[in-house]
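**Student:** based on what follows, work out the 3D shape:
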Amino acid sequence: MSELIKQAQREVLRDEILKLAAQSEPVGASLQVLRAGLKKLDIDVSEVELATQMNYLEGKGLLYVERLKNHRLHIERTVAHITPAGTDVLEGNGAAAGISCD
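**Tutor:** Next comes the predicted model:
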């Protein structure tokens with residue numbers, strides 16, 4: 001697969017992550033919820049790739065990634081929340097390189 005196609009796929013994936021995070025507010029969307037939502041959109045992504053793209057969006061200030069841990073119960077959760085800047089990008093009031101908003 002060409003690098004151009006791979007880049008386009010990453011941009012579409014990032015856009016869908018932002019959309020799912022926006023729909024899940026105010027509680028946010030866990031990795032599991034995001035993967036399930038993406039699968040319904042016929043986007044099959046590994047947990048590692050999803051975490052990589054979430055970190056990318058967090059670095060751009062479009063997503064806030066909350067990492068929750070309960071050591072006593074041995075529970076770890078990663079929850080994505082869209083930021084105001086991420087909402088602006090989705091609404092067309094701002095642009096971000098690496099995001100394919102339709």
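
**Student:** residue ranges in this structure under the pLDDT threshold?
**Tutor:** With pLDDT under 70 as the threshold, the chain has low-confidence stretches at 1, 94-102.

**Student:** now the element after the longest helix that it contains, going C-ward?
**Tutor:** Criterion DSSP state H: the longest helix present in the chain is helix 3-23. Per DSSP states H and E, the first helix or strand lying C-terminal to helix 3-23 is strand 29-30.

**Student:** give me the contacts around that next one.
**Tutor:** Leu20, Ala21, Gln23, Gly37, Arg77, Thr78, Val79, Ala80 (CB atoms under 8 Å, 6 or more residues apart in numbering). The C-beta positions use only the backbone N, C-alpha and C, and glycine is treated the same way.

**Student:** repeat that for 7 Å
**Tutor:** The contact list for strand 29-30 (CB atoms under 7 Å, 6 or more residues apart in numbering) reads Leu20, Ala21, Arg77, Thr78, Val79, Ala80.

**Student:** most widely separated two among these?
**Tutor:** Across the contacts of strand 29-30, no pair lies farther apart than Leu20 and Arg77, at 15.7 Å, counting by CB to CB.

**Student:** compare these two (neighbour count), which wins?
**Tutor:** Per other CB atoms under 10 Å, whichever of Leu20 and Arg77 has more neighbours is Leu20, with 20 against 13.

**Student:** element containing the closest residue in space to the more buried one that isn't next to it in sequence?
**Tutor:** Leaving out its chain neighbours, the residue that sits closest to Leu20 by CB to CB, 6 or more residues apart in numbering is Gly37, at 4.6 Å. Counting by DSSP H and E, the element that carries Gly37 is helix 31-40.

**Student:** and that helix, how far out from the chain's middle?
**Tutor:** Centroid separation for helix 31-40 versus its chain: 10 Å, with CA atoms, centre = their mean, to the nearest Å.
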